[in-house]
Each structure stands twice: as structure tokens, then as C-alpha cells.
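the following block contains a protein sequence and its predicted model.
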Amino acid sequence: MRRPITILFTALLMTACGDREPPTTPPSPADTAAGKRLVEEQCTGCHTLEGGGKTAEIPNLAGQPATYLAEAMRAYRDGVRHHAALQDLIAGYSETQIRDIAAYFASLPPIADTSATGDSGAVYRAGQEVAAACIECHGERGFSTTPGVPNLAGQHPMYLIVATQEYARGERDNAEKEAMLRNLGNIDIEKMAMYFAAQAPEPRDPPPFGNPVDGQAQTAVCGGCHGARGVGDDPMVPNLAGQEPNYLVKAIKAYREGARSHEGMVANKTDAQIEDIAAFYATQEAGAATETHDRTAAIIAKCDRCHGRAVGESTMVVPVLHGQKADYLLRVMREYRDGDRGNSMMHKMSAGYSDRVLAEIAEYYATHPQSD
């Protein structure tokens, strides 16, 4: 009676084993010489044989971790990452070819980005050129000394972008500004806004009207949106600290009288109270609306937790950022921030960062090779 039982047990065991994956042979070691031949034949249209990118927006691959490079190539091959040319190129690659190419690039010494200057202010030069047309009225660096003309310095960039676009489209009933801004593209407007946002308004003396001390009490309701001293967190609400006082009086009266819509929040203010409010806000200190260098350094320290280790030290499948091209890094970080590059964790981490901070991060990594 034992024999049938033994046969049955063996059959069941074989059936169970049949549901499992058969044991696989470990992959053979990558062949860097074969990888070099493939790179020479297929990749040198965009990348040099030394692993560099041939333009500013093509990344350097030399010295990147082999695991990261292989995973990236698989993602392009399988359509997880979208790039038509790369997808066509890698579509026919076998796992062996992908490993060989990755091993070849990983074996090369990192390439320093000679295009990076280390000057994080360079990103604002284009914006400064666009902003030159505004300084005749709004003052040097956007700090107004003309009565009735507002500061642009230290304003939230998003507020400036939207306001400028509305002027350019004629939605703010100012023919002169409409004509001046009509030919500016959105990119130019964004650059200009980022330039002005980076400027800190200069301290003002008390105006010849109003009482700043009395004005502080009158701003109790205003502070809900504009902050306790005229600097708020909402990017769509303008900062009032350090603003030109005559402009503030004119604007607040326009809200009171309905020429501007603001839900009647200043409807009951007298002329004297409005002058007190303007005097208070005009004398408050204000800084630049964009992030400081100290904050950028803290962000870089967070990035370094995953990306700052030398090749072989990290167990995570991530690229090395040190020595990578600044233009490439800036483009990729913008795509993560704006949700155009599918990685929810990277999107969340970068969602609140301005173009200036991303440019500073890119410049830092480009000018600090792996050997630092």
C-alpha cells in the first residue's frame, strides 16, 4: 500500500514544483569591450565615446552607476520613459547588450561640465535684459522712487507673471503697458518676473503723510492675506512691505470705491486711515521673494542623501549628479517639478522650487565633480 502513496506524493510534489519558475542561470559578466563597440556603432550620434553629451542638453553618461544606466535603457526600451529616438534605438537590444553598454559607460572616468560657471546669478541675466524696459518707470532693480508707481522688486514671481500677462492682453485697461508688453512671449515674462522677485526692496523713510503706528492696527484684516507686515505666503497675493506709499494710497482707494474688486474689505476706511495703512506698509522691511542661498544649500544637502554618494556606495538605483551638465539637470528638474516626468516622489520634492533654486542646484552639481 505504500507504493501508490509514494507515487501520489511524488506526483503532487512535481506538480507543485511545476508552478515555480525554473532556476535561472546567473547572467554572464558584462563585456565592456562589446559595450564600447555598440556605443561606437549606435550611440555616438549624441554621446562621445568618452561618455560625454555632444550638446548642453544631452547628459554625460561616463561614470554613472551601471545599474542606473541599465534600468534607464530598459525604461526607454519598454516605453516607461518616452523619447522616440531612444526608444527606436534601444528597442532591439537584448539584456546582454544593455548590460554591456551600461558597464562600458560606468567604467569611464566622470567628465567635468566645462560649460558651468558656478555663477548662480547667470540665470537672471536674460530676465534683467527684459526688465530694462521697465526701470524708467519702476526704478533700478524694480525699486520705485516715483510717487504713484509701484515697486516690482521683491514681489512674488507668480503674481508678477499673471499681472504682466493681463496687462499684455489688455485686461487691465492700460493702453501704454499693453503696447509695451504686447510682443513679450510668456518665457520673457517669466524671466523678467524671476529677476524682479530676486531683488530686495530698499528700506523707506516714513512718508510725509499718515502714521505708521496707527496704520498697523488698521491692517488687522489685510494681514489675513498680505501677512502681518506686508509679506505673505500666497504667491498670487502681492507683497506690500516696502511698497511706494503714494501707490498704496491710490490702490487702496480704488478698492474702496469699487474701481478694483476686493469684496469690500476696505469699504469703511477713511482717507486718513488709508494713509496710515500706506505709511505702515511702506516702512516695513522686505527681502527678495525667491529663496535664499541658505535654503538652496539645505535642498542640496537633501539631494545628496541619495545622489551625493560615489559610484558603488549607494544601494539605490539613482544617477550621480556631481559633474553632470547644468543645462541637462535644470531641464530634468523642471520636468519633475512640473509633473512632466513620471516620478511622483521627485515631483513632490521639487514642487515648490522656483527656477532660480533649480538653476542653483544644477550649477552646484555641475561645478562639483565626483572627486570633490
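In hand now; what should we look at?

ok, now which ones touch the closest residue to residue 182 other than its chain neighbours?
Once flanking residues are discounted, residue 182 sits nearest to residue 168: 5.8 Å by C-beta to C-beta, 6 or more residues apart in numbering. C-beta coordinates here come from the backbone N, C-alpha and C atoms, glycine included. The neighbourhood of residue 168, defined by C-beta atoms under 8 Å, 6 or more residues apart in numbering, consists of 177-178, 181-182, 184, 189.

list just the nearest of those residues to residue 254.
Closest to residue 254 out of these is residue 177 (16.2 Å), distances taken as C-beta to C-beta.

that closest one - that's part of a helix, no?
Yes: per DSSP: H, G, I helix; E, B strand; the rest coil, residue 177 lies within a helix segment.

quick one: contacts for it?
Taking C-beta under 8 Å, 6+ apart, one finds 167-168 in contact with residue 177.

and it, how far from residue 257?
22 Å (C-beta to C-beta, to the nearest Å).

and this protein, split by domain according to the record?
Per the record, the chain has its domains at 32-107, 121-282, 299-366, by automatic domain parsing.

right, and residue 232 touches residue 241 too?
No: applying C-beta atoms under 8 Å, one finds residue 232 not in contact with residue 241, separated by 9.5 Å.

and those two? which has more neighbours close in?
residue 241 (23 against 20; other C-beta atoms under 10 Å).

tell me what the host helix or strand of residue 359 is packed against?
Assigned by DSSP states H and E, residue 359 falls within helix 355-366. Counting contacts by 3 or more C-beta pairs under 8 Å, 6 or more residues apart in numbering; DSSP states H and E, helix 355-366 packs against helix 186-197, helix 293-307, helix 326-337.

quick one: it to chain centroid distance?
9 Å (C-alpha atoms, centre = their mean, to the nearest Å).

which residue ranges form the helices in the stretch 201-350 of the chain?
Counting by DSSP state H, counting those that start in this stretch, the stretch 201-350 of the chain has helices at residues 212-218, 223-226, 245-256, 271-282, 293-307, 326-337, 344-350.

rank those helices by pLDDT, which is bottom?
Lowest mean pLDDT within these: helix 344-350, a mean of 73.

can you map out the helices along the stretch 1-150 of the chain?
2-18, 32-38, 66-77, 84-90, 95-107, 125-131, 135-138.

in TSV, list these along with distance to residue 267.
What follows is the helices of the stretch 1-150 of the chain, written out as TSV (distance: least, C-beta to C-beta, whole Å):
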stretch	distance to residue 267
helix 2-18	80
helix 32-38	73
helix 66-77	58
helix 84-90	58
helix 95-107	67
helix 125-131	35
helix 135-138	29
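
out of those, which one sits most buried?
Highest mean neighbour count among the helices of the stretch 1-150 of the chain (mean count of other C-beta atoms under 10 Å): helix 95-107, with a mean of 21.
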